[in-house]
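# Sharing a model that was predicted from the sequence below.
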Amino acid sequence: MHVHVNAAVSADGKLSSRQREQIAISGDEDFARMETIRAEADAVVVGVGTVLTDDPSLERHDESIGSEPPARVVADSRGRTPTDADILAGDRPTYLLVSAAAPEQRRRALERAGATVVVAGEDRVDLPEAFDELTTHGVSHLMVEGGGELIFSLFADELVDELTVYVGSMIIGGRGAPTLADGDGFVDEFPTLKLRDVSRLDDGVVLAYDA
Ligand SMILES: NC(=O)C1=CN([C@@H]2O[C@H](COP(=O)(O)OP(=O)(O)OC[C@H]3O[C@@H](n4cnc5c(N)ncnc54)[C@H](OP(=O)(O)O)[C@@H]3O)[C@@H](O)[C@H]2O)C=CC1
Ligand SMILES: Nc1nc(O)c(N)c(N[C@@H]2O[C@H](COP(=O)(O)O)[C@@H](O)[C@H]2O)n1
């Protein structure tokens with residue numbers, strides 16, 4: 001499976017503010033670039049942190065791009081995704097990646113709300129195992145939109161093939177504000193990337209890396 005992480009950060013590396021509300025860091029051109037990556041993907045994944053704060057639809061907003069809209073995926077160990085979340089709306093498949101710790105009652109409620117529940121891992125979602133399962137559902141190109149906890153784990157599990165990041169021109173600040181890769185952080189054996197391209201877009205730059 002090809003895993004492409006795409007996100008937007010402020011000039012000081014934040015995904016959003018300490019209040020963890022959604023902030024438009026991207027301008028129109030970068031949101032259009034994000035749509036193109038969505039259209040190329042079989043599925044788009046976010047962590048449950050992003051679902052709980054942003055309630056994203058992961059819709060293809062511009063129907064002229066791509067043919068099939070991508071499926072949606074949430075990494076959600078305990079099944080905390082609300083059953084009325086936008087990510088469950090509509091006909092496209094939504095895969096809820098949960099762990100064995102997700103209460104049976106939550107799993108059933110999410111299935112009733114239209115999700116396909118995939119169990120991988122004991123306490124937290126085992127991402128390599130869950131992604132293997134997604135391939136059996138036809139997902140060979142997966143886009144990751146965030147947030148920082150999920151992206152860190154994907155680097156730690158060596159699952160990332162490609163990273164594109166839009167660096168906008170605002171400063172957000174805040175020691176508790178999410179960054180591109182949060183989690184426990186690396187203290188040695190830092191993943192290193194190969195810079196493939198740099199381009200100007202809106203009032204910022206897009207950095208493209210191969211992992
Ligand atoms: N600017 C941008 O491009 C973007 C910004 N954002 C912003 O990011 C913030 C949310 O990010 P964040 O709080 O980091 O949350 P995430 O979206 O990364 O979700 C993290 C949660 O995912 C669950 N999870 C399940 N399995 C794993 C695993 N193996 N590794 C890591 N997490 C796992 C965990 O909850 P549990 O243990 O309960 O399963 C964890 O707390 C919001 O403020 C949002 O606005 C988000 C996307 C893009
Ligand atoms: N690429 C990008 N740029 C920004 O400035 C952002 N704030 C985000 N956020 C993420 O975009 C997704 C929104 O989803 P919907 O289109 O509303 O369904 C969601 O994943 C946000 O966290 N991304």
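Everything's here; your move. Ligands and ions are numbered 1, 2, ... in the order given.
# C-alpha from now on. contacts and neighbour counts both.
OK.
# what are the ranges of the helices in this protein?
Counting by DSSP state H, the chain has helices at residues 28-40, 48-54, 104-112, 127-136, 148-156.
# In stretch 150-168, which residues are buried?
Buried residues in stretch 150-168, counted by 16 or more other C-alpha atoms under 10 Å: 150-156, 159-168.
# Ok, stretch 33-41 next?
Going by 16+ other C-alpha under 10 Å, stretch 33-41 has these buried residues: 33, 34, 35, 37, 38, 39, 40, 41.
# circling back: mean pLDDT and distance to ligand 1 added to the helices of the chain, as a markdown table?
As requested, these are exported to a markdown table (pLDDT from 0 to 100; distance: least, C-alpha to the nearest ligand atom, whole Å):
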| stretch | mean pLDDT | distance to ligand 1 |
| --- | --- | --- |
| helix 28-40 | 94 | 9 |
| helix 48-54 | 97 | 3 |
| helix 104-112 | 98 | 12 |
| helix 127-136 | 98 | 5 |
| helix 148-156 | 98 | 4 |
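# before we move on, back to that, which single one of the buried residues of stretch 33-41 is nearest to residue 3?
Closest approach between these and residue 3, by C-alpha to C-alpha: residue 41, at 9.3 Å.
# Please look at that closest one and residue 70 and confirm they touch.
Yes. Using C-alpha atoms under 8 Å, residue 41 is in contact with residue 70, at 6.0 Å.
# measure the residue lying farthest from the centre of the chain to ligand 2 for me?
Here the chain reaches farthest from its C-alpha mean at residue 105, the gap being 25.6 Å by C-alpha atoms, centre = their mean. The gap separating residue 105 from ligand 2 is 27 Å, by C-alpha to the nearest ligand atom, to the nearest Å.
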